[in-house]
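Visitor: Structure for this input, please:
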Amino acid sequence: MADFFIRRPIVAIVASIVITLLGLAVLQRLSIEQYPELSPPTIRVETTYQGASAEEQTAHVLATLNEIGAGETPQILVLNKIDLVPGKPDSSSLARRILGDPEHQPAGAVAISAATGQGFEELLRKIDQTLAVDPLAECSFRFPAGEGGPLHLLHEHARVIATRYDDEYCYVEAVAPASVRRKLREYVVAQR
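Guide: Numbering: from 1, shown residues only. The predicted structure follows:
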């Protein structure tokens, strides 16, 4: 086969051009569902230093982030076990005290309790504000009763708030990322 194209360079050039043009034509027809799902890079740091203070742990984490070039990326300081703090804690005051540097503040500090669930809604809001790569919005969807695939996609990648059924459709209220809303745009009834 190679000999054929070596002896006939004009045919090789024409074949290359035709293949390129066909590729460009097909590329424009690809739907967004056929593109790979991309997620932004995320760094999660969890530390446990026996005997170290919160200030020492935070300083060590910030130094490590600076070393790897991630010191300027958006950050959220999550303060866990807030249920053990008496009264109503002020997460920004706690963050300033822990960081020991009023100039260097993360995008936000959020006080949570993994034991009681306190503060998780605020944490989810703060993540959406800080990492607005794929922003969330509350939407209403209507799926035909026989189409389980799109409904599964919604349950897999969004937070479903309410679901109701009638004879022909499944109605779903969900907080969904923009990428999921684009994939399911034919089923979106209302978006807030």
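
Visitor: Which residue, other than its chain neighbours, is closest to His157?
Guide: Val180 (4.9 Å; C-beta to C-beta, 6 or more residues apart in numbering). From N, CA and C alone the C-beta is placed, and that goes for glycine too.

Visitor: What mean pLDDT does the helix or strand that contains that neighbour get?
Guide: Element membership for Val180 (DSSP states H and E) is helix 178-183. Helix 178-183 shows a mean pLDDT of 87.

Visitor: swap in stretch 135-146?
Guide: 89.

Visitor: Centre of the chain to the helix or strand where Ala174 lies, how far?
Guide: Take DSSP H and E as the rule and Ala174 turns out to sit in strand 169-177. Chain-centre distance of strand 169-177: 18 Å, with C-alpha atoms, centre = their mean, to the nearest Å.

Visitor: Likewise for stretch 127-144?
Guide: Stretch 127-144 sits 10 Å away from the centroid of its parent chain (C-alpha atoms, centre = their mean).

Visitor: Could you pull out the buried residues of it?
Guide: 127-128, 134, 136, 139-141, 143 (16 or more other C-beta atoms under 10 Å).

Visitor: Ends of that stretch, what's the gap?
Guide: Distance across stretch 127-144, first residue to last, is 33 Å (C-alpha to C-alpha, to the nearest Å).

Visitor: who does the helix or strand hosting Ser16 touch, helix- and strand-wise?
Guide: Using DSSP H and E, Ser16 sits within helix 9-29. Counting contacts by 3 or more C-beta pairs under 8 Å, 6 or more residues apart in numbering; DSSP states H and E, helix 9-29 packs against helix 2-7.
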